[in-house]
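> Kindly generate the corresponding structure for this input.
(chains A and B)
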Number of protein chains: 2
Amino acid sequence: MNKLTILGTNSALPTSERFSSAQVLQLFERYFLIDCAEGTQMRLRQANIAFAKINTIFISHLHSDHFLGIFGVLSTFSMLGRKHALSIYAPAGLEEILTSPQAHYLVGELQFKLNFHTLPNEDFAQIYDDKKMSVYAIHLNHRIDTWGFYFTEKPSINVKKEAIAQYNLSLDEIIAVKNGNDIHRSTGETIPNTELRATDKPLLSYAYISDTAFFPQIAHYIKGVRLLYHEATFLHNMLPRAIETFHTTARQAGEFARLAQAEQLLIGHFSARYKSTEELEKEAQEVFANTTATRDLGVYSLS
Amino acid sequence: MNKLTILGTNSALPTSERFSSAQVLQLFERYFLIDCAEGTQMRLRQANIAFAKINTIFISHLHSDHFLGIFGVLSTFSMLGRKHALSIYAPAGLEEILTSPQAHYLVGELQFKLNFHTLPNEDFAQIYDDKKMSVYAIHLNHRIDTWGFYFTEKPSINVKKEAIAQYNLSLDEIIAVKNGNDIHRSTGETIPNTELRATDKPLLSYAYISDTAFFPQIAHYIKGVRLLYHEATFLHNMLPRAIETFHTTARQAGEFARLAQAEQLLIGHFSARYKSTEELEKEAQEVFANTTATRDLGVYSLS
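As a prediction, the model looks like this:
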C-alpha cells in the first residue's frame, strides 16, 4: 500500500505529544525516510515500520529539528546488524559531520556503507530515479539552504485486455506496446500504439515542502500533485513572524496548494505555541478545502 | 522535595515505551541531569521539569545511548532564551564534539556559556562541591572510559532547640555551634559543642552506576548509600553476554547493592529484548529485597 506515515508534526520545539519533523513515504514497496528529527527511531518503532526496509533518507536542511535523529537511526541500524548500504540525500554539511573525526562518537563504527548524495544547487533537479519512480529536489526559501522533495510515479503503458484477444498479441508484441511502439506485422499490417494501450491512469505523486517562506514561484514544478505536505508553522495573524523566520502560515499553505492544483493538502511543522492544531487546519481549509492537519503517527494513504 | 525522575530505562536500543538512559536528580533545589539519551528533551516535557532549572549535566560515557540527546537539549535551551551558563561534566570527547567545526549544525549558535569539566582519570575523585553537597566520579569497568556519580549531602550541625533556651544562646553563639565550636563565655564558662548540637540525621546520598561490568571493587566508595541506581542490562542466565559486553545482570546488581550496604536499589538500563522488566526486578530482589525496576517517567523519592 502506498502511504505516508508522519513521525513528527512540530517545528523547532518538540512537545510531549508532537515531535519534530520526520516522515516515511511508502511508495511501490520503497521506504523513504524524509527528514529525521530527534526521536525518529522511537517513532519508527511506534509506527511499526521495519528499520531494514529503509534504504533511502532525504534531509531537507541542517536545522537541528530536521536531522538530529539520524545519529540514533544509523547507530541503531548498525546495532541491529544492518549490512546493506543506505543512501542519504542531504546538504553537504551532513556528510561533513558523518565523516568528521568525531563521527564515531555519534554513530559508533557503522557496519554498512553510506552513499552520500549532496543536494544540487539548482531550483529544481532530478536526484533519484528507478524503474518505477523519480525524485526531484526543489530549492526552497528558508534561512539556510533548504530543499523540498517531489516524488513521482513514472508513466507506464498498459495494454488493453480486449486488444490482446482481438489482435492475438504475442508476448513480444505486448512488450513493444508497453514500450510505446506501434506493432508492425510481417503481413504489412500496422496497429498503432494508441489503439492498443489502456487509458493512462493518473500517476501517484507526493511533494514535501518544508521549511520555507511562502514561495509561490515553485508551485508550477509540482503542478497537479496528488498529495502535498506543506509546512504551516503559524496562523496567518502571525504573518510578520512567519516572514521574519522564513516560514509559512496555514492560510498561505492553502494558497500554495491551490496554486499547485494539488488534490489533497497535509499541513504540519506546527509551532509549539499551538496546543491544538484545529485552528491551523480550519484556516488552511478556508482557502483549500481538502486540507488535513497531520498528527504524530498519523497515516495518510496515496491513491 | 528531593527526588529522582527517570527519563529512560533502556540500554542501547530504545523501544516504543522505554527510551535510553537519562534521569534528573532533584537534590536541595538543584536539578542535575544525569546522562542524556535521544529524546531527553521530550521526556523532560512529559515529566514537567522546568528546563531553566537544569544547570548541571553529568555524562557517564560517550556511547550514543547516553548522550545523543544533549544536542537537542542545548539547542532547545538556547531557543527558549536561556542566558545563564551550563556546566557539563563529561568525558573529553564531548567538549571535542561541541567545539568542532561541525558543532553549529548540532546545536546552532548557543546564546549561553558551556563550562566543560573533563571527568578525571582516577578511581574515585570529587568533581563538584557546593555549600550543601558534593559529587564524586567513580571510574567504572566498561568497554570505553565510563564514570558513575555519587551525590552526597554534606554533614551540617543543627542546634538543639532546648539548648538555645536553656543557655540563652545569642545569634553569634548559635553560628559558633553550627561551625562545630564550643562556646566560651566572658564569665569563663565553656559549653561543649557536643552538648549543644542536635543528633546528626542521616545524610542523603544517591549513586548512579551505569554502564559497567559487575565491579564489586568500587562498592566501598559508596558504602551506606541511601539510594542506588545500578544498571541491570540482562537476566543472570545471560551472564556470558553480560561479561562480553561489560554489563551487569540483575542478580549482580542486587549483590552490588548488598555489598555497598545500600538502603534502596533501583535497576534500569534494560536490554530491549525484555518486553517486561518484572523478571529482572524479581531476580535482583532475591539478593536485595528493597529493589525496584524503574520505569520511564517514574519518580522515586530520596528521604
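
> distance of residue A:113 from residue A:59?
Between residue A:113 and residue A:59 the computed distance is 18 Å (CB to CB, to the nearest Å). Where you see a C-beta, it was placed from the backbone N, CA and C, and this is true even at glycine.

> With neighbour numbers in mind, choose between those two.
More neighbours surround residue A:59 than the other of residue A:113 and residue A:59, with 23 against 10 (other CB atoms under 10 Å in any protein chain shown).

> can you pull the contacts of that one?
A:35, A:36, A:66, A:67, A:70, A:88, A:89, A:90, A:91, A:94 (CB atoms under 8 Å, 6 or more residues apart in numbering or on different chains).

> Just the buried ones from these, in ChimeraX syntax?
Applied in ChimeraX, the following selects the buried portion of these according to 16 or more other CB atoms under 10 Å in any protein chain shown:
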select /A:35,36,66,67,70,88,89,90,91,94
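
> Among the contacts of residue A:59, which lie within strands?
The strands, defined by DSSP state E, take in A:35, A:36, A:88, A:89, A:90 from the contacts of residue A:59.

> can you redo those residues as CSV with pLDDT and distance to residue A:155?
Output for the ones in strands among the contacts of residue A:59, formatted as CSV (pLDDT from 0 to 100; distance: CB to CB, whole Å):
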residue, pLDDT, distance to residue A:155
A:35, 98, 28
A:36, 98, 31
A:88, 98, 28
A:89, 98, 23
A:90, 98, 29
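
> out of the contacts of residue A:59, which one sits closest to residue A:29?
residue A:89 (19.0 Å; CB to CB).

> Chain B next: which of the contacts of residue A:59 are close?
For chain B, the contacts drawn from those by CB under 8 Å from any CB of the partner chain are A:67, A:94.

> Make sure residue A:200 is indeed in a strand.
No - assessed with DSSP: H, G, I helix; E, B strand; the rest coil, residue A:200 is coil; it does not lie in a strand.

> The residue nearest to it when sequence neighbours are not counted: neighbour count?
Excluding the flanking residues, the one nearest residue A:200 by CB to CB, 6 or more residues apart in numbering or on different chains is residue A:155, at 6.6 Å. For residue A:155, the count of nearby residues is 9 (other CB under 10 Å).

> same check, this time on residue A:121
Using other CB under 10 Å, residue A:121 has 11 neighbouring residues.

> Shouldn't it be within a helix?
No - counting by three-state DSSP, residue A:121 is located in no helix; its state is coil.

> what's the pLDDT at the residue nearest to residue A:200?
Per-residue confidence (pLDDT) for residue A:155: 86.

> wait, it sits on residue A:198?
No - here residue A:155 does not reach residue A:198: they are 11.9 Å apart, not a contact under CB atoms under 8 Å.

> Residue A:281 reaches residue A:290, doesn't it?
No - using CB under 8 Å, residue A:281 is not in contact with residue A:290, being 11.3 Å away.

> which of these two has more neighbours?
Under the neighbour definition other CB under 10 Å, residue A:281 and residue A:290 were set side by side, and residue A:281 has more, 18 against 14.

> Okay, buried residues for whichever helix or strand that one is part of please.
Taking DSSP states H and E as the definition, residue A:281 sits inside helix A:278-287. Within helix A:278-287, the residues that qualify as buried are A:280, A:281, A:283, A:284, A:285, A:287, counting by 16+ other CB under 10 Å.

> same question, stretch A:73-92
For stretch A:73-92, burial by neighbour count (16+ other CB under 10 Å) applies to A:73, A:74, A:75, A:76, A:77, A:78, A:82, A:86, A:88, A:89, A:90, A:91.

> Select, from the residues you listed, the two members most distant in space.
Maximum distance among the buried residues of stretch A:73-92 (CB to CB): 23.7 Å, for A:82 and A:91.

> Correct me if wrong: residue A:214 contacts residue A:256.
Yes - counting by CB under 8 Å, residue A:214 touches residue A:256, with 6.7 Å between them.

> Now the phi/psi pair for the residue of the stretch 101-250 of chain A at minimum distance from chain B, please.
Nearest residue of the stretch 101-250 of chain A to chain B (CB to the nearest CB) works out as residue A:102 at 4.6 Å. Main-chain dihedrals, residue A:102, degrees, to the nearest 10: phi -90, psi 0.

> do residue A:2 as well
With angles defined as degrees, to the nearest 10, residue A:2 sits at phi -90, psi 120.

> and it, what is it in contact with?
Contact partners of residue A:2, counting by CB under 8 Å, 6+ apart, are A:26, A:27, A:28, A:204, A:301, A:302, A:303.

> now the nearest residue to the fourth one once chain neighbours are set aside, which residues is it bridged with?
Spelled out, that is residue A:204. Once flanking residues are discounted, residue A:204 sits nearest to residue A:153: 4.3 Å by CB to CB, 6+ apart. Following DSSP bridges, residue A:153 is listed with bridge partners residue A:133.

> again, but for residue A:267
The partner list for residue A:267 in beta bridges (DSSP bridges) reads residue A:230, residue A:293.

> looking at it, it is touching residue A:251, isn't it?
No - when contacts are counted by CB under 8 Å, residue A:267 is not listed as touching residue A:251 (10.5 Å).

> Counting neighbours, go ahead and name the busier of those two.
residue A:267 (29 against 23).

> Including distance to residue A:271, could the ones in strands among the contacts of residue A:59 go into JSON lines?
Formatted as JSON lines, those follow (distance: CB to CB, whole Å):
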{"residue": "A:35", "distance to residue A:271": "17"}
{"residue": "A:36", "distance to residue A:271": "20"}
{"residue": "A:88", "distance to residue A:271": "28"}
{"residue": "A:89", "distance to residue A:271": "27"}
{"residue": "A:90", "distance to residue A:271": "25"}
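
> What is the neighbour count of the residue of the stretch 151-300 of chain A found nearest chain B?
Evaluated by CB to the nearest CB, the stretch 151-300 of chain A has residue A:272 as its residue closest to chain B, separated by 9.4 Å. Residues lying near residue A:272 (other CB under 10 Å) number 17.

> With adjacent residues omitted, what lies nearest to residue A:167?
Closest to residue A:167 by CB to CB, 6+ apart is residue A:191, at 6.0 Å.

> re the thing from before, what touches both of residue A:214 and residue A:256?
Common contacts of residue A:214 and residue A:256, defined by CB under 8 Å, 6+ apart, comprise residue A:248.

> Strands along the stretch 51-200 of chain A, start to end?
Taking DSSP state E, counting those that start in this stretch, the strands of the stretch 51-200 of chain A run over residues A:54-58, A:86-90, A:114-118, A:124-129, A:133-139, A:147-153, A:183-184, A:190-191.

> which of the ones you listed is buried the deepest?
Mean neighbours per residue, mean count of other CB atoms under 10 Å in any protein chain shown, is largest over the strands of the stretch 51-200 of chain A for strand A:147-153, with a mean of 24.
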